[in-house]
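*Asks:* Following is a predicted model, sequence given first.
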Amino acid sequence: MVDASTDDRADATASEPTDYEARAFALRDRAVQARDAFDPPTGSLDRDRAVEFARDGVGEAAATYIDARTEDSWVYFEPEAFDALETGLNAYLELFAACYGVDCNPDVTVRTAAETLLDTHDAVDTAAVLTGVDEVRD
């Protein structure tokens, strides 16, 4: 992360949280592991796993970005951490869609995901909108 004290875009007296980049890398690592271990549903949809991918992946990626942007000081991610956050987001979107039998290769920015989450107030709805999956509620 860029040090807020050397960044004239941020208040030099504000303390910068240090865990956002760690959250981004952890999210990406979990997403890669989940994608490597994923077995597509056979014959039926897997709504439970889709909800898990939406909440624990898509929602977490958007929340990390939102948290970083709404702190007392604007947190700037190093490029590698920002790429990790977007890689994790898109992997979880891909997994969400796969649970509904939809093959997609999303290229969604984390900002778009965050804005969608703020509009929908729901990680599952956010994942459905961003993947184009017509998610069916019980």
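*Replies:* Perfect, thanks for sending it.
*Asks:* which stretches of the chain form helices?
*Replies:* Ranges of helices within the chain are 20-37, 47-53, 60-70, 79-98, 110-120, 123-131, based on DSSP state H.
*Asks:* Rebuild the ones you listed as CSV, extending it with distance to Cys104 and mean neighbour count.
*Replies:* No exception for glycine: its C-beta is placed from N, CA and C like everyone else's. Rendered in CSV, the data for the helices of the chain read as follows (distance: least, CB to CB, whole Å; neighbours: other CB atoms under 10 Å):
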stretch, distance to Cys104, mean neighbour count
helix 20-37, 13, 17
helix 47-53, 13, 18
helix 60-70, 16, 21
helix 79-98, 5, 23
helix 110-120, 14, 18
helix 123-131, 6, 24
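*Asks:* want to throw those helices into a markdown table with mean pLDDT?
*Replies:* As requested, the helices of the chain are exported to a markdown table (pLDDT from 0 to 100):
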| stretch | mean pLDDT |
| --- | --- |
| helix 20-37 | 96 |
| helix 47-53 | 95 |
| helix 60-70 | 92 |
| helix 79-98 | 97 |
| helix 110-120 | 96 |
| helix 123-131 | 96 |
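*Asks:* From Trp74, how far out is the residue nearest the centre of the chain?
*Replies:* Nearest to the mean C-alpha position of the chain, by CA atoms, centre = their mean, lies Ala61 at 2.5 Å. For Ala61, the distance to Trp74 under the criterion CB to CB, to the nearest Å works out to 18 Å.
*Asks:* Repeat that for Ala34.
*Replies:* Taken as CB to CB, the spacing of Ala34 relative to Trp74 amounts to 30 Å.
*Asks:* that older thread, leaving out chain neighbours, which residue sits closest to the residue nearest to the centre of the chain?
*Replies:* The shortest distance from Ala61 to any non-neighbouring residue, by CB to CB, 6 or more residues apart in numbering, is to Leu89 (3.8 Å).
*Asks:* what's the distance between the one you found and Val32?
*Replies:* Using CB to CB, one gets 12 Å for the distance from Leu89 to Val32.
*Asks:* His121 too?
*Replies:* From His121 over to Val32 the distance is 28 Å, taken as CB to CB.
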